[in-house]
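Visitor: Have a look at this prediction, sequence included:
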Amino acid sequence: MAWRFKASKYKNSTPIVPKPELCIRDIVVGSYQTFGNNIAASASFMAFPWEHTGSSIAVLPIDDCGRKSKTMPLLHAHTDTVTDLEFSPFHDGLLATASQDCLVKIWHIPENGLKESLLDAECSFSHRQKRVETVGFHPTADCLLHSTSAGTIVLYDLTAEKEIFCNNEHPDIIQSLSWKQDGTLLATNSKDKKVRVVDPRSNIPLVSEANSHQSIKDSRIVWLGMQNRILTTGFDSNRIRQIMIRDIRNFSVPEKTLELDCSTGIFMPLFDSDTNMLFLAGKGDTTISFMEVTDKEPYLVEGIRHSGEQTKGACLLPKRALRVMEGEVNRVLQLTSSSVIPIMYQVPRKTYRDFHSDIFPDTNGFKSELLPKDWFVGKNEALHKISLDPAKREGGEKPIILSHSFLSQIRFNLWKKISLKTRLGPKPFSTDSAEISFDKVFAVPVAPSTDVDVVVVEKTTEVELPSYIQQEDELLEKLAQKNETEKNETEKNDEDQNERNEQNDVLQNEDETDKQISSIADRRRLYENRSSSMVEEKTKSQASINVGRRESCKDEEQSKDRNEMKSVHTNGTSTKSNNISKRTSTVFGKVSKFRHLKGTTGHKSTHIENIKNVSRQISGECDGFHANHERVAVPLSGNGGKIAVFELSTPGRLPDGVIPTLVNGSNIMDFQWDPFDNRHLVVACDDGTVKIWEIPEGGLKEPTNTPFKEFNAHSEKIHFLKFHPLAKDVLLTASYDMTIKIWDLNTFEQKQCLKGHTDQIFSFAWSLCGTFGATVCKDGKLRIYDIRKSEYPIREGIGGPIGTRGARITFVLEDEYLVVTGFDKVSERQIYILKVDNLDKAIGMVGLDVSPATLVPFYDDDSSTIFLTGRGDTTIYAYEVTDEAPYFCPLSHHRCSSLHQGLSFLRKNQCDVRNVEFAKCYRLTNNSIEPLSFTVPRIKTELFQDDLFPPTRVTWLQTISAEEWFAGKNKTPLKISLQPEGMDALTSTISPPPASTGISSKPNSFDANYSSIQLSPEHTKAKQEALKKSVSERVQVNYELEQDNMEGVDSNEWDE
């Protein structure tokens, strides 16, 4: 029993939280459904996903603090959410990232941090269309990387950029992976509720297997240093959080099982093998637990807990960066939704003037001479231990910072170590190129049980690129010959030098070799730069290219555009290129006029307030709120299917009491205003009926349950209804019976019934021409119908969203493309774009965030912008849709001050073009209706911005009657200019070329008179005078000079 009460040095370690101004604040972090810790740290930097999409990464100095700008430089790492990230233990500036876009990428962080956004990685690897779950580095072998995807474990040799091991024996998704500290074995946790130990170098990699936590929820694993024990966190069958410790020598039975509490957040275990301190940070928890791991009962001794903000991610800082002279034994970086908090764990001592060696044992060093190829053939090499005593360190109390070299320089340094080891005899270099050939140095043996070709140069599954390794061999051979010649000349001139001087010459030659090696790396970048056609013209500064890149999945034009945004790297330093473009002004070279759109909420006097009992139980297929320029319709909670109608001409606070409503008698499924009659509201009910209400002039004064017209449309519930965009009195209804019916409201006659759906219909969209219709269904299929010709789809494809929670669809870009919003299998909201002639595969996709609300798209055809938001959101996302990659160009998203329940955009003729307003909508909150205006900042607002406002379709007046449309006739809607009277167009201020003959037929028009006269000297002078006069009328000109008020000099003084 004495062990149970054994004193611990770290038992009273106290978490110390710095003041808010010493934390990183005002960052944007989303909720990511990943198996990673969402933050990583080296002794120099910290990195974490940025914004709600999580596809970009913020990289900040480890000692940074204060508020952060939303426009700071970022690492634009992936096209989808980053699932995991980790820094190399041997290089502080080498970062590995994994993403849902099926790629693993390696990044180089400059020594001074990010001064501008980075777009291109040092190298990348593909997981063959499978989402990458975890990524990390080997603990003892330099440049050995692991990643997991689904049930597959892959090891990469970064020196050769090749996959050297692949194992797919896991039947389900691998949720977590951890190496033993000596790098011999690894352990995994899988979604099949089992834990496994794997030896990648064995002929039978799977060493042992055992049952683990019995819940289907996430689990994590960590190897307890050099011990033969592993620790896992997860849930039992009752969803109680558990910790299990098991010995690999008795793997089937856990050594210790500890049940903690009932919570939804998975524990992220952070273990320090030097002190046996275990930190448990639960995702979504406000507490971080600290325990000490022992090798006897009770195995886990709880310490002091930290309570603070809600945790999004957590990681440990390397021991090299701790403040040991303050008693800091560990530091946890806690990532929250808006900040990064460094939590210092301090062992209380009477004084910290001396180094306390009893609480700071020697830790693993940071230098490794073990190469991936050597490790894979069975070589093991333990890391040297280093002392944390400042008196034994060169930098004293300063953190030990490792190299920030490029991956190419790291490769050369490894080559240098090998070449120095293999030199025998007095000759420092050999003329035999085979001894220093990259093919020989970086040869990788074929891994057992894998079908991956591990030849260094070629890659059969990717687009072939020119091999730079052969170029390196030739350059190195010339370099060796050059050094041999120099050595012979030296020996010839100085024959009497002794052996000591010869060795000095050798060292001098090696220093020169280092410089040549650096230049070779630059030459290699230039060679690959030319071979990939990524340089448009020769400039004074050489644009850099990511070294050793093996994947050329992007076309040449995108590579050129990205090349303009790179830094020039020379000898490990970076300088800015002259033609670098700002990230906020261009998107792949395309400048968007709407990039800096601004959303502005109308003045409070235009709001309708004190709306009570707004319904939040409306159908998911309904937009939840509809408005025209005269009135709005709002569904209310309660029985009877009530809809309140408010007049926009009488804003203000509503009086308390009964609100006049339309009582439908049944639950409301969907409703919509007639686009050509602002008084008619059409409502679909769950009993299959459609009711048409007519709002009296002056608005609804009292409740009514008598509709203007009513008819039975379906025998089951109605999902939604849609009016035809051009033809009056043409209505479409979709029902649970998986049919879509087209109605003539003049006769209430069914004209067409569309079939072919096998599951629930989520959404329908009319084409702009009104001839075709597109649907998205719960079965994941997209269908296009020629409404009047066939009741079955003319095109069908499986390119719809994978998730089954809801979706929306709309035509864009002159009906040649479809935009679909929906969910993926992990409930992340996504936007897809497809061509109408190929519905099987999306050509572009953007992932946003994880939210239960379906994104509702609002597309503006004139500006080609699309707005997206969902019920319960606070952000309105904005993109410009293009017909070329990347298809979705992000604009300035608008963030509202409160949650909204719906959004309804008005027609184009309601926009205030004088204030450059190109979109206008009304926003429904929990208790109010607010106008929202989207404008584009312009300087000359007194002019009509005709580049932003092309002639628009007249969609507020009927183009064709229902009878004509059903008869098969088609009419193109009229287009009108939105230019107000008396307002000059922006393009008209640009002087046209002079006319060759005659004078304008409008003698009273100033512009006509002076633009049509030939450019004779008299007319030119007259035109200049007229321009001066027009400018002087607008600008106040002071003709007085300052000298006029000064005392002058007499003329006789000049003679003197």
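Guide: Sure, I can see it. All of these numbers come straight from a predicted model, not from anything done at the bench.
Visitor: burial count for residue 166?
Guide: 16 (other C-beta atoms under 10 Å). Just so you know, the C-beta spots here come from the backbone N, C-alpha and C atoms, and that holds for glycine as well.
Visitor: After the helix or strand it falls within, which helix or strand is next?
Guide: Secondary-structure assignment from DSSP states H and E places residue 166 in strand 162-167. Going down the chain from strand 162-167, the next helix or strand is strand 174-179, by DSSP H and E.
Visitor: Dump the C-alpha coordinates for the next helix or strand after that following strand into PDB.
Guide: Proceeding N to C from strand 174-179, the next assigned helix or strand is strand 186-190, under DSSP H and E. C-alpha atoms of strand 186-190 as PDB (Å, rounded to 0.1, in the frame of the first residue of the first chain):
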ATOM      1  CA  LEU A 186       2.800   1.700 -34.200                       C
ATOM      2  CA  ALA A 187      -0.700   1.300 -32.700                       C
ATOM      3  CA  THR A 188      -4.000   2.200 -34.300                       C
ATOM      4  CA  ASN A 189      -7.600   2.700 -33.200                       C
ATOM      5  CA  SER A 190     -10.300   1.800 -35.800                       C
END
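Visitor: which residues sit against the helix or strand just after strand 186-190?
Guide: Using DSSP H and E, the next helix or strand after strand 186-190 towards the C-terminus is strand 194-198. With contacts defined as C-beta atoms under 8 Å, 6 or more residues apart in numbering, strand 194-198 is touched by 153, 167, 170, 185-190, 205-212, 221, 230, 232, 246, 248, 251.
Visitor: Over to residue 913: give its phi and psi.
Guide: Reported as degrees, to the nearest 10, the phi and psi values for residue 913 are phi -70, psi -20.
Visitor: Would you work out how far apart the start and end of stretch 266-285 are?
Guide: 9 Å (C-alpha to C-alpha, to the nearest Å).
Visitor: ugh, wrong one, I meant stretch 87-94
Guide: End-to-end distance (C-alpha to C-alpha), stretch 87-94: 6 Å.
Visitor: one step back: narrow the contacts of strand 194-198 to just the buried residues.
Guide: Among the contacts of strand 194-198, the ones that count as buried by 16 or more other C-beta atoms under 10 Å are 153, 167, 170, 185-190, 205, 208-210, 212, 221, 230, 232, 246, 248, 251.
Visitor: count of neighbours near the residue lying closest to residue 130 once chain neighbours are set aside?
Guide: Distances taken as C-beta to C-beta, 6 or more residues apart in numbering put residue 149 closest to residue 130, at 4.2 Å, once the chain neighbours are dropped. By other C-beta under 10 Å, the residues close to residue 149 number 24.
Visitor: Name whatever forms a beta bridge with residue 149.
Guide: Going by DSSP bridges, residue 149 is paired in beta bridges with residue 132, residue 152.
Visitor: I am assuming it contacts residue 135, so please confirm or correct that.
Guide: No: counting by C-beta atoms under 8 Å, residue 149 does not reach residue 135; the two are 9.8 Å apart.
Visitor: Am I right that residue 793 falls within a strand?
Guide: No: the assignment for residue 793 is coil, going by DSSP: H, G, I helix; E, B strand; the rest coil, so no strand is present there.
Visitor: What degree of burial does it show, as a neighbour count?
Guide: Neighbour count for residue 793, taken as other C-beta under 10 Å: 21.
Visitor: Since that was my last question, I'll sign off now.
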